[in-house]
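Chemist: Structure for the following, please:
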Amino acid sequence: MLFTDTHTHLYYEQDAEKQVQLMDRCFENDVNRLFLPNVDVKSIAMIDDLVAKYPENCFAMAGLHPCDVKEDYLSLLDEIYKSISGRKIYAIGEIGIDLYWDKTTLAIQQDAFRKQIGWAKDLGLPIVIHCREAFDEVFELLESERDEKLRGIFHCFTGNVAQANQAIDLNFYLGIGGVVTYKKSGLDAVLSEIPLANLVLETDSPYLAPTPFRGKPNESSYLIYIAQKLADIYGVSVEEIANVTTENSKKVFGV
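Modeler: Next up is the predicted model:
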């Protein structure tokens, strides 16, 4: 089996020994492909370091997280964009709109999101979207940017069936993580109406650990618990989940 974690911040673990242990546990559970979303300027070097250690397994993104879009966002965007040259980047992410923490920055979040979508289109890359309490705002902007170049992943998708279908219609895969294992999430009922062909797996580690680790630090090796839940929902083997979602990730990222 070959699992792909399309969204993990494993690089946040900066203790070298613990980082090796995290990666070893991934390999033990057949999680051999990890895509690393960028968050801010500081995370660029952390991502590059992990990619250098595991060049066959770790793949970098570049982008400014919406929660880090503050007054100085234009200079941060400039720094992140300049970092792309000379590096192998597989997506622009994670980018989007987050109205959970701060609604006052909506206008500059929208501007940063649109600018980074422009990068992705110019570079022929997918985008990886962070959307929290902002489906309407994200979809409004995506619809205004709709064309054959717009594509990617709706990271940590937790929406309803209509939102799932709109994301798919916009040429996005749905990133499914630990939330699907939570009893009251309702995401299993949504996915029962969405083809497996539209999904990719993710952990968002160290956040959103799946059951039975909910409330504890997440890690990419726990992807197998998410895969097992999807196997239950779709009535297929875990191997089938691994095969389909990894093939989907290859279609998105080109690797």
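Chemist: so how many other residues sit close to I194?
Modeler: Taking other CB atoms under 10 Å as the neighbour definition, I194 ends up with a count of 20. Placement of C-beta: from N, CA and C, glycine included.
Chemist: Actually, Q228.
Modeler: Neighbouring residues of Q228 were enumerated by other CB under 10 Å; the total is 14.
Chemist: same check, this time on the one 5 residues further on
Modeler: By the criterion of other CB under 10 Å, I233 has 19 neighbours.
Chemist: ok, it touching V190?
Modeler: No - judged on CB atoms under 8 Å, I233 makes no contact with V190 at a distance of 9.8 Å.
Chemist: where along the chain do the strands fall?
Modeler: For the chain, applying DSSP state E gives strands covering 3-5, 31-36, 58-62, 89-98, 127-132, 152-154, 172-176, 199-201.
Chemist: now those in JSON lines, with mean pLDDT?
Modeler: Supplementary listing: the strands of the chain in JSON lines, determined by pLDDT from 0 to 100:
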{"stretch": "strand 3-5", "mean pLDDT": "98"}
{"stretch": "strand 31-36", "mean pLDDT": "98"}
{"stretch": "strand 58-62", "mean pLDDT": "98"}
{"stretch": "strand 89-98", "mean pLDDT": "98"}
{"stretch": "strand 127-132", "mean pLDDT": "98"}
{"stretch": "strand 152-154", "mean pLDDT": "98"}
{"stretch": "strand 172-176", "mean pLDDT": "98"}
{"stretch": "strand 199-201", "mean pLDDT": "98"}
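Chemist: G186 is nearest to which of those?
Modeler: Nearest to G186, of all the strands of the chain, is strand 172-176, at 13.2 Å by CB to CB.
Chemist: Give me the angle between the closest one and strand 127-132.
Modeler: What separates the directions of strand 172-176 and strand 127-132 is an angle of 60 degrees, with axes from the mean of the first three to the mean of the last three CA atoms, to 10 degrees.
Chemist: So what are the sheet partners of strand 172-176 and their directions?
Modeler: Sheet pairing for strand 172-176, assigned by DSSP bridges, gives strand 152-154 (parallel), strand 199-201 (parallel).
Chemist: which parts of the longest helix along the chain are buried?
Modeler: When secondary structure is assigned using DSSP state H, the longest helix within the chain turns out to be helix 106-123. Residues of helix 106-123 classed as buried under the neighbour-count rule (16 or more other CB atoms under 10 Å) are 106, 109-113, 116-117, 119-121.
Chemist: still on that earlier bit, minimum distance to D30: which of the strands paired with strand 172-176 has it?
Modeler: In this view, these are compared for proximity to D30 by CB to CB, and strand 199-201 is the closest at 11.7 Å.
Chemist: ranges for the helices of the protein?
Modeler: In the chain, the segments counted as helices under DSSP H are 16-28, 42-53, 73-84, 106-123, 135-145, 161-169, 187-191, 223-234, 238-253.
Chemist: any chance of those helices in TSV, plus distance to A197 and mean pLDDT?
Modeler: Output for those, formatted as TSV (distance: least, CB to CB, whole Å; pLDDT from 0 to 100):
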stretch	distance to A197	mean pLDDT
helix 16-28	25	98
helix 42-53	29	98
helix 73-84	30	98
helix 106-123	23	98
helix 135-145	21	98
helix 161-169	9	98
helix 187-191	12	97
helix 223-234	11	98
helix 238-253	7	98
